[in-house]
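In: 3D, please:
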Amino acid sequence: MNMENTQVSEIIANLKGRRKYEEKKAKKLGYDCLYKYFEDKLEQAAKLEAEKESLVKIEAQKTLLRKQKSKEKNTCSCC
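Out: I've put the predicted structure just below:
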């Protein structure tokens, strides 16, 4: 959690000219401060990354199953 806090602080410090834009955007989305907006934004990005990783694992498992099934179909019972 502390690491995220430093990330948020660094992001806010590096905004410079975009700070006003990001503040307006945060208020429009219902956040009372810029810090909470970026904190939530980082959490959402982490969730998306975790979902992508799980989807990749599922796809890899599906392809393995397909390969196994195709190998089973190619062999005949007489050999």
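In: Asp40: neighbouring residues, count only.
Out: By other Cβ atoms under 10 Å, the residues close to Asp40 number 14. For glycine as for every other residue, the C-beta is placed from the backbone atoms N, C-alpha and C.
In: gap between the helix or strand containing it and the chain center?
Out: Per DSSP states H and E: Asp40 is located in helix 34-74. Relative to its chain's centre, helix 34-74 lies at 9 Å (Cα atoms, centre = their mean, to the nearest Å).
In: Show me what it is packed against.
Out: With contacts taken as 3 or more Cβ pairs under 8 Å, 6 or more residues apart in numbering; DSSP states H and E, helix 34-74 sits against helix 2-13, helix 19-28.
In: Of all these, which one is nearest Lys67?
Out: Nearest to Lys67, of all the helices and strands packed on helix 34-74, is helix 2-13, at 40.2 Å by Cβ to Cβ.
In: can the helices and strands packed on helix 34-74 go into JSON lines with extra columns for mean pLDDT, mean neighbour count and distance to Gln61?
Out: Putting the helices and strands packed on helix 34-74 into JSON lines (pLDDT from 0 to 100; neighbours: other Cβ atoms under 10 Å; distance: least, Cβ to Cβ, whole Å) gives the following:
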{"stretch": "helix 2-13", "mean pLDDT": "81", "mean neighbour count": "12", "distance to Gln61": "31"}
{"stretch": "helix 19-28", "mean pLDDT": "95", "mean neighbour count": "13", "distance to Gln61": "39"}
